[in-house]
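K.L.:
predicted coordinates and the sequence they were generated for:
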Amino acid sequence: MKASLDAGRSARQQQQAAAQHRAIIPAPHAPALPPPGPALWSWSLICACNMNRSTSGHDAVRQLGYQRVTSYGTSDAVRLPGRGGATHAFPFGTRYADILARMVGGDASMAAWMAQFGLSAMLQRNAGLKDAPEAWQALSDAAVRGRDFVICFDRAVYNEVLKGACGLRGECDGGDGGGGGMWGVCVDALQGAAGC
């Protein structure tokens, strides 16, 4: 009985070794795949204003070690809340440091309000990531095609990105008929919430 168990293990071990050998030697027609890693994939994180959710995601993905990380907004302008229900709007491309300076405007009570609600810290974090908020719709076709992963932080943003990608490629599957192209993910954690 022991001899048959040993013979069975030996055959299993031989099969496993052969399978490992086949896995190491690629088929002649198989393309060589680069090893996965931080330098390989590009990540784009998108919310409405490129102010809070997308830049928070930008920071988190970058801290994981990924080097090709960008963030964008899909709105027509960058909007931030103000005291008394006021809204402050800025064009995309306005530096985060300038947004902070304009909102405070030398008003100590406004500076305290912004600090209390985390707006100052958010703008300072954003300025540490990049110079200014960027609009997704301002990207060239080539830049959009160069994205590997696109993470959208609500359904409306996802729909805008998908609409642009489908129009760019003529199809919603990456244009190659095989489902290739960028991978889009919609994170709708703030379902029903307004703003960025």
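P.N.:
Received, thanks.
K.L.:
tell me where this structure has helices.
P.N.:
Residue ranges of the helices in the chain, as given by DSSP state H, are 2-24, 53-63, 96-104, 108-116, 119-129, 141-145, 155-169.
K.L.:
poorly predicted segments of this structure, please.
P.N.:
Where the chain drops to pLDDT under 70, the residues are 1-39, 164-196.
K.L.:
go again with 90.
P.N.:
1-43, 61-68, 82, 84, 106, 139-151, 153-156, 158-196 (pLDDT under 90).
K.L.:
contacts only, for residue 70.
P.N.:
Neighbouring residues of residue 70 by C-beta atoms under 8 Å, 6 or more residues apart in numbering: 42-45, 58, 134. In short, each C-beta sits where N, CA and C put it, glycine included.
K.L.:
for the residues you listed, which one is nearest residue 127?
P.N.:
Closest approach between the contacts of residue 70 and residue 127, by C-beta to C-beta: residue 58, at 12.4 Å.
K.L.:
so what's the residue count around that closest one?
P.N.:
For residue 58, the neighbour count with other C-beta atoms under 10 Å is 25.
K.L.:
pretty sure it is touching residue 45, no?
P.N.:
Yes: look at residue 58 against residue 45 with C-beta atoms under 8 Å: they come within range, at 5.1 Å.
K.L.:
send me stretch 67-75 as PDB with only the CA atoms.
P.N.:
In PDB, the C-alpha atoms belonging to stretch 67-75 read as follows (Å, rounded to 0.1, in the frame of the first residue of the first chain):
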ATOM      1  CA  GLN A  67       3.800  56.700  -9.800                       C
ATOM      2  CA  ARG A  68       1.500  57.500 -12.700                       C
ATOM      3  CA  VAL A  69      -1.500  59.000 -10.800                       C
ATOM      4  CA  THR A  70      -3.600  61.900 -11.900                       C
ATOM      5  CA  SER A  71      -6.900  63.400 -10.800                       C
ATOM      6  CA  TYR A  72      -9.600  65.400 -12.600                       C
ATOM      7  CA  GLY A  73     -13.000  67.000 -12.400                       C
ATOM      8  CA  THR A  74     -15.900  66.900 -14.900                       C
ATOM      9  CA  SER A  75     -17.900  70.000 -13.900                       C
END
